[in-house]
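K.L.:
One predicted model, sequence on top.
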Amino acid sequence: MAGAVLEVATVEVGLKGDTALLLRTNFSDEDTSVEVVLFFLPEQDSLDTMLGRLGVV
């Protein structure tokens, strides 16, 4: 089921752009730490904004 949902979302975004961002990070508090992988499929305008604010573009 989750694979089908991701497939539909990926196809829809793939029609608008061809760039993906994969970010690895850790979220933690005093007792717990969770390693997380975030997968973004931004539209081109959003990607330009994010990379510009990061100083990449």
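P.N.:
Happy to help now that I have it.
K.L.:
mind listing the strands for this structure?
P.N.:
21-28, 33-40 (DSSP state E).
K.L.:
and Leu47, which of those strands is closest to it?
P.N.:
When the strands of the chain are compared by CB to CB, strand 21-28 sits nearest Leu47, at 7.7 Å. (C-beta placed from N, C-alpha, C; glycine too.)
K.L.:
Now do that closest one and strand 33-40, the angle between them.
P.N.:
Between strand 21-28 and strand 33-40, the angle comes out at 160 degrees (axes from the mean of the first three to the mean of the last three CA atoms, to 10 degrees).
K.L.:
Who does strand 21-28 pair with, and is each partner parallel or antiparallel?
P.N.:
If you go by DSSP bridges, strand 21-28 pairs up with strand 33-40 (antiparallel).
K.L.:
which residues sit against the partner strand?
P.N.:
Contact with strand 33-40 is made by Ala20, Leu21, Leu22, Leu23, Arg24, Thr25, Asn26, Phe27, Ser28, as judged by CB atoms under 8 Å, 6 or more residues apart in numbering.
K.L.:
I'd like those residues written out as JSON lines, with distance to Leu47, neighbour count and pLDDT added.
P.N.:
Below are the contacts of strand 33-40 laid out as JSON lines (distance: CB to CB, whole Å; neighbours: other CB atoms under 10 Å; pLDDT from 0 to 100):
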{"residue": "Ala20", "distance to Leu47": "10", "neighbour count": "13", "pLDDT": "82"}
{"residue": "Leu21", "distance to Leu47": "8", "neighbour count": "12", "pLDDT": "83"}
{"residue": "Leu22", "distance to Leu47": "13", "neighbour count": "8", "pLDDT": "87"}
{"residue": "Leu23", "distance to Leu47": "13", "neighbour count": "9", "pLDDT": "87"}
{"residue": "Arg24", "distance to Leu47": "18", "neighbour count": "8", "pLDDT": "93"}
{"residue": "Thr25", "distance to Leu47": "19", "neighbour count": "9", "pLDDT": "94"}
{"residue": "Asn26", "distance to Leu47": "24", "neighbour count": "8", "pLDDT": "95"}
{"residue": "Phe27", "distance to Leu47": "24", "neighbour count": "9", "pLDDT": "93"}
{"residue": "Ser28", "distance to Leu47": "28", "neighbour count": "9", "pLDDT": "95"}
